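Q: pasting a predicted model and its sequence here:
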Amino acid sequence: MAEISVEQIKKLKELSGAGLTDAKKALVEADGDFDKALEAMRKKGLTKAEKRGDRETREGLVESYIHDGRLGAIVEVNCETSFVAKTDEFKTLAHQIAMQVASMAPLYVSEDDIPEEARAAKIAELEENFKGPENMKEQILAGQVKKAFSDKVLLNQPYILDDSKTVEQFIKEAIAKTGENITVRQFKRIELGVTE
């Protein structure tokens, strides 16, 4: 069995947001392989985050980001308790989401927010130009509709500070660390000289 140092345990605890005991246990199970232990901790944390997704979020904060006095965004990000809402980590998360909105100009928070008329119009447009096999039409159109709206849906966008993950994955990592459900309730983006 590989020797596990206190420094490794502390580092794993810090990176995963887990307790010291859980960090040590993960390192023991991974036979001292730090990367393997970290990956296991993340998977475990994200699984727990999935379960927290239904819990109600009534606390949180409104955060803004202004870029060069010409472009700005304001977001409402919610969590379960005022304790978490007041932490620096949560404030940073909300600020980074505001930066995402300012930078990537999404129209909707999630796919559920896409108006049925907009979805129907896109389906009609795609059906008109459809050239694939008829028996696969429904599946292909569903995929094309999802792709057409993917850059307009905040949670589906690549996260601007790490494009290896989506905004939704970034939020789920924060859920795993805080132990609370976190949601983006709404946002508004304003650009100088541009009106909706």
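A: Arrived safely, thanks for sending. Residues are numbered from 1 along each chain as shown.
Q: use CA for all of it now, contacts and neighbours both
A: Noted.
Q: Q100 touches N156, doesn't it?
A: No: counting by Cα atoms under 8 Å, Q100 stays clear of N156, with 11.6 Å between them.
Q: show me the protein divided up by domain.
A: 6-52, 59-109+152-191, 115-150 (automatic domain parsing).
Q: any chance of the ones you listed in a markdown table, plus mean pLDDT?
A: Below are those laid out as a markdown table (pLDDT from 0 to 100):
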| stretch | mean pLDDT |
| --- | --- |
| domain 6-52 | 71 |
| domain 59-109+152-191 | 93 |
| domain 115-150 | 84 |
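Q: next, format the ones you listed as CSV and append mean neighbour count.
A: Conversion of the domains of the chain to CSV gives the following (neighbours: other Cα atoms under 10 Å):
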stretch, mean neighbour count
domain 6-52, 17
domain 59-109+152-191, 19
domain 115-150, 13
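Q: give the contact list for A105.
A: Neighbouring residues of A105 by Cα atoms under 8 Å, 6 or more residues apart in numbering: 152, 189.
Q: got phi/psi on it?
A: Torsion angles at A105 (phi, psi; degrees, to the nearest 10) stand at phi 50, psi 50.
Q: can you pull the residues that touch both of Q100 and N156?
A: Joint contacts of Q100 and N156 (Cα under 8 Å, 6+ apart) do not exist.
Q: ok, now how distant is the residue sitting nearest the centre point of the chain from K122?
A: Computing the C-alpha centroid of the chain and ranking residues by Cα atoms, centre = their mean puts E168 first, at 2.1 Å. Applying Cα to Cα, to the nearest Å, one obtains 24 Å for the distance of E168 from K122.
Q: likewise N181?
A: N181 is 32 Å from K122, by Cα to Cα.
Q: alpha carbons of the host helix or strand of A148, as CSV, please.
A: Using DSSP states H and E, A148 sits in helix 137-150. Output of helix 137-150 as CSV, limited to C-alpha atoms (Å, rounded to 0.1, in the frame of the first residue of the first chain):
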residue,chain,number,x,y,z
LYS,A,137,-36.8,12.2,-38.8
GLU,A,138,-38.1,12.8,-35.3
GLN,A,139,-34.8,11.9,-33.6
ILE,A,140,-32.7,13.9,-36.1
LEU,A,141,-35.0,17.0,-35.8
ALA,A,142,-34.9,16.8,-31.9
GLY,A,143,-31.1,16.8,-32.1
GLN,A,144,-31.0,19.7,-34.6
VAL,A,145,-33.4,21.7,-32.4
LYS,A,146,-31.3,21.1,-29.3
LYS,A,147,-28.1,22.1,-31.3
ALA,A,148,-29.9,25.2,-32.7
PHE,A,149,-30.7,26.5,-29.2
SER,A,150,-27.5,25.2,-27.4
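Q: helices and strands around it, which ones?
A: With contacts defined as 3 or more Cα pairs under 8 Å, 6 or more residues apart in numbering; DSSP states H and E, the packing partners of helix 137-150 are helix 116-128.
Q: show me where this protein has strands.
A: Taking DSSP state E to define them, one finds strands in the chain at 59-67, 71-79, 158-159, 162-166, 183-191.
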